[in-house]
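K.L.:
fold the following and give me the result.
(2 chains)
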Number of protein chains: 2
Amino acid sequence: MPNFEAIYSKNANNMRKSVIRELLKLTQQPEIISFAGGLPAPETFPVEDLRQAADRVFTKNPTKALQYGTTEGDADLKAELIKFEERQGVRLGPENLLVVSASQQALDMIPKLLLDPGDYVIAGRPTYVGAIQAIQSYQGRILGIPFSPENDGFDLVELDKRFERAKRDGKKVKYIYVIPDFQNPSGICWSLEKRKALLAFAYKHDLLVVEDSPYREVRFLGEHVPSIYQLDQHGENRGCVVNLKTFSKILVPGARVGWVMAHPDFIAKLVIAKQAMDLCTNVFAQMWLTEYLKTGKIHELIGKTCDNYRVKRNHMVEMLEKHMPKRFDLTWTKPEGGLFLWISLPKYIDTDAMIHKAVAEKVAYVVGSAFYFDEPEHNCMRLNFSYASKEQIEEGIKRLAKVVSEEIAAHEAGPRGQTHPEGM
Amino acid sequence: MPNFEAIYSKNANNMRKSVIRELLKLTQQPEIISFAGGLPAPETFPVEDLRQAADRVFTKNPTKALQYGTTEGDADLKAELIKFEERQGVRLGPENLLVVSASQQALDMIPKLLLDPGDYVIAGRPTYVGAIQAIQSYQGRILGIPFSPENDGFDLVELDKRFERAKRDGKKVKYIYVIPDFQNPSGICWSLEKRKALLAFAYKHDLLVVEDSPYREVRFLGEHVPSIYQLDQHGENRGCVVNLKTFSKILVPGARVGWVMAHPDFIAKLVIAKQAMDLCTNVFAQMWLTEYLKTGKIHELIGKTCDNYRVKRNHMVEMLEKHMPKRFDLTWTKPEGGLFLWISLPKYIDTDAMIHKAVAEKVAYVVGSAFYFDEPEHNCMRLNFSYASKEQIEEGIKRLAKVVSEEIAAHEAGPRGQTHPEGM
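P.N.:
Predicted coordinates for the structure are as follows:
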């Protein structure tokens, strides 16, 4: 057998296995109630409509659907995307659009285009693990910015301070990565003020903003806030925001189709990168989703999905309030959209260690530490509320509350029972 | 507008636009007969069978098909791939397989895993442009090896010589990239002896072989030769061959599904790379092709495709013999499979310059220079014979022969008429 380890690139040696994907294997035993995945609710999938849409592709233009397509993406799909975004107040031409094999591909292309080894990306602490992995796979680094206590976006004082320090230290910051709508993992939605402030910061320091918006349409409470991409369009229109969207959370993930909105020059460069990465996105899937979009049913579908998730989210929050110990240092976010909420536990609880006890109790979460590039927090966890049923949410939160209560009790029983003997 | 050029990475600055994709745009006027693309013949697509297979996915397990899937690839598809390869004498377990978003994705992942900037890959002169682009996009370099005059594989004397010189010069060679079956662009098929010799070379120098086999099953003349992957399995079984396959040429390209066969350790590393690149390949497409494979019809389909291509290839060769000037320095390969043949013209003809004359005559080819990493040959061209109809092949070759004849006549008319005034 060849000595593979000896020939791997620095990129390869820098790649980190997804903790989440490993966790998912652990939690695939049927008795486990898993809040660990990031799966949309399968009951929202419009199976019959998608079957008919697929069939129309075979009737109308099978030869095109089965052949190679353009790297830029199918023109008819782009036309539908332009209409879809227009309803939200976003103005686009086809030259502003690239169809991608879902957002993760864009998250891979962007650091490839922008990062030399050691270059920095500004991102939240915590942030989406798939973005961290992609950045690491090009030897990029992350300048982590904590969120404000109000959970309305970055702590702007920290942003300024950390950016200035990084500049002084000679660090090269290439772009800002944010998920302003119902962030993965925290569920945080940025306020309008914070969005404006971030754009002003980007303008001031001539930085690109990569705005990742997989959950943007999945708002089940409160009012829509303009995207940073929109704020730039309606502001100085500098074209310094790259916005990533996907059908994974508003239709189905299995089709693997997403889109990038950006300045035409950046789109043109992405196209060159994509040529060498996969030639083109699944042509059949592009035409299939186009046929579905033409029915206009996606708006009703998104409404129904939001209704579904509102019920589940409310139920999870209710169950947390009912079953979790009531303490100032045990809190959770109450997201107005998306798929996740974030629990902060007393400092002495290490969710990395606790996961084994949770799995023994047949409940699973994602350890908070997975969402940090460096110096991870260990007293947090991400819970998904979109996939489990209401009954599972009730039972799962009971189990989780039991595990957490036991951890707290063990700590409070004194040094003998502590998992982390503080002050020793 | 932000100054994008100022922030691109070295990877990005090293990316080369696909000459072919640019050419394709040029040749999309309907009157042009294009031998430039690399498209399979649409009349081979089994539309009705695929429609039924897609419908079965919706009937049997739509929820799975529309949800996220594993990065490794669908287990049922893997089972079908194992059977498919077994018929050709290849032994595989699921741990030897990774499903990819067609071969180009594997061609991108491999240099990402193996190349640091400045590292070398041994590859043919000429070789597949998409492989060159992917290698360049990680700042890799190619140590080009010419083919033997017998068109049966690398010139082994040159391979040894160039490899030893590279080693002396301190160049780090990481792997060998070859397309032994009906190479793109040349159509060359490696002899058994040359395959064995290349494997022995890889064993001797402890090098990985990346064997790209998109056309392997598309053999319409002659006898099958074992793949290098098979030769290793039946030989020392060192696991040093990575074999890339795809459905693009034997079924349909629009589904964007391919597979990698390799040592389990290398597959595991590819999985980590793929997680950060697209999470998973189109789940619906994987299940759709699985349903089609279960019908067993692919073997008959491949037979029919080969029949189709044999007729077209024979016709193209016949037309070349009939219409091209008869000269010792004007030759073409006569491939026994695949989609392409390769024409070498008199040294003074520059196919890069001639393409404009060809397009004016309403015929197109791919300039040979596109297939070289460095020091390109300019007197060659690639012709595709799978896409055009028999009538188009006849008319197109007539037009092309006219352009070539005029180039030769202009050159022979003396210095005034020469495109490249030699000896001046």
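
K.L.:
just the strands in the stretch 101-250 of chain A please.
P.N.:
Taking DSSP state E, counting those that start in this stretch as the test, the strands found in the stretch 101-250 of chain A are A:120-125, A:141-146, A:173-178, A:208-212, A:241-246.

K.L.:
who's in contact with the third one?
P.N.:
Just to be clear, that refers to strand A:173-178. For strand A:173-178, the external contacting residues (Cβ atoms under 8 Å, 6 or more residues apart in numbering or on different chains) are A:110, A:114-115, A:119-124, A:127, A:131, A:135, A:140, A:143, A:154, A:163, A:166-167, A:190, A:198, A:201-202, A:205, A:207-212, A:228, B:7. The C-beta positions use only the backbone N, C-alpha and C, and glycine is treated the same way.

K.L.:
show the buried residues in those.
P.N.:
Burial by neighbour count, judged by 16 or more other Cβ atoms under 10 Å in any protein chain shown, picks out A:110, A:114-115, A:119-124, A:127, A:131, A:135, A:140, A:143, A:154, A:163, A:166, A:190, A:198, A:201-202, A:207-212, A:228, B:7 from those.

K.L.:
mean pLDDT added to the strands of the stretch 101-250 of chain A, as a markdown table?
P.N.:
Shown next, in a markdown table, are these (pLDDT from 0 to 100):
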| stretch | mean pLDDT |
| --- | --- |
| strand A:120-125 | 98 |
| strand A:141-146 | 98 |
| strand A:173-178 | 98 |
| strand A:208-212 | 98 |
| strand A:241-246 | 98 |
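
K.L.:
closest one to A:Lys83 among these?
P.N.:
strand A:241-246 (13.6 Å; Cβ to Cβ).

K.L.:
so is that closest one next to chain B?
P.N.:
No. Strand A:241-246 lies apart from chain B when judged by Cβ under 8 Å from any Cβ of the partner chain; the minimum separation is 9.6 Å.

K.L.:
how about residues contacting the helix or strand following that strand?
P.N.:
As assigned by DSSP states H and E, the chain's next helix or strand after strand A:241-246 is strand A:258-261. The contact list for strand A:258-261 (Cβ under 8 Å, 6+ apart) reads A:73, A:81, A:85, A:90, A:92, A:96-103, A:105-106, A:229, A:242-248, A:267, A:270.

K.L.:
quick one: distance of the next helix or strand after strand A:258-261 to the chain centre.
P.N.:
Sequence order places helix A:264-278 as the next helix or strand after strand A:258-261, per DSSP H and E. Offset of helix A:264-278 from its chain centre (Cα atoms, centre = their mean, to the nearest Å): 22 Å.

K.L.:
likewise stretch A:178-198?
P.N.:
Computed by Cα atoms, centre = their mean, the separation of stretch A:178-198 from the middle of its chain amounts to 12 Å.

K.L.:
which elements pack onto the longest helix seen in chain A?
P.N.:
Ranked by number of residues, the top helix in chain A under DSSP state H is helix A:298-323. In this structure, helix A:298-323 packs against strand A:340-344, helix A:390-412, with contacts taken as 3 or more Cβ pairs under 8 Å, 6 or more residues apart in numbering or on different chains; DSSP states H and E.

K.L.:
what's the mean pLDDT across the next helix or strand after it?
P.N.:
Counting by DSSP H and E, the next helix or strand C-terminal to helix A:298-323 is strand A:331-332. Strand A:331-332 shows an average pLDDT of 97 in the prediction.

K.L.:
quick one: strands adjacent to strand A:331-332?
P.N.:
If you go by DSSP bridges, strand A:331-332 pairs up with strand A:340-344 (antiparallel).

K.L.:
CA atoms of the strand it pairs with as PDB?
P.N.:
C-alpha atoms of strand A:340-344 as PDB (Å, rounded to 0.1, in the frame of the first residue of the first chain):
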ATOM      1  CA  PHE A 340     -31.700  25.700  14.700                       C
ATOM      2  CA  LEU A 341     -31.500  27.100  18.200                       C
ATOM      3  CA  TRP A 342     -28.500  27.400  20.400                       C
ATOM      4  CA  ILE A 343     -28.200  26.500  24.100                       C
ATOM      5  CA  SER A 344     -25.600  28.000  26.400                       C
END
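
K.L.:
contact partners for the closest residue to chain B within the stretch 101-250 of chain A?
P.N.:
Per Cβ to the nearest Cβ, A:Gln133 is where the stretch 101-250 of chain A lies closest to chain B, at 4.0 Å. Contacts for A:Gln133 (Cβ under 8 Å, 6+ apart) come out as A:Met15, A:Arg16, A:Ser18, B:Gln275, B:Ala276.

K.L.:
now do 10 Å
P.N.:
By Cβ atoms under 10 Å, 6 or more residues apart in numbering or on different chains, the residues touching A:Gln133 are A:14-20, A:104, A:107-108, A:373, B:272-273, B:275-277.

K.L.:
could you do A:Asn151 as well?
P.N.:
A:Gln183, A:Ser186, A:Gly187, A:Ile188, A:Cys189, A:Trp190, A:Ser191, A:Thr331, A:Thr333, A:Lys334, A:Pro335, A:Trp342.

K.L.:
show me what the worst-scoring helix or strand of chain A on mean pLDDT is packed up against.
P.N.:
One helix or strand of chain A scores below all others by mean pLDDT, DSSP states H and E: helix A:19-26, with a mean of 71. Helices and strands touching helix A:19-26, as assessed by 3 or more Cβ pairs under 10 Å, 6 or more residues apart in numbering or on different chains; DSSP states H and E, comprise strand A:33-34, helix A:129-136, helix A:351-360, strand A:363-364, strand A:366-367, helix B:264-278.

K.L.:
as CSV, the ones you listed with mean pLDDT and distance to B:Ala54 would be great.
P.N.:
Output for the helices and strands packed on helix A:19-26, formatted as CSV (pLDDT from 0 to 100; distance: least, Cβ to Cβ, whole Å):
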stretch, mean pLDDT, distance to B:Ala54
strand A:33-34, 93, 30
helix A:129-136, 96, 29
helix A:351-360, 94, 38
strand A:363-364, 96, 34
strand A:366-367, 95, 34
helix B:264-278, 96, 21
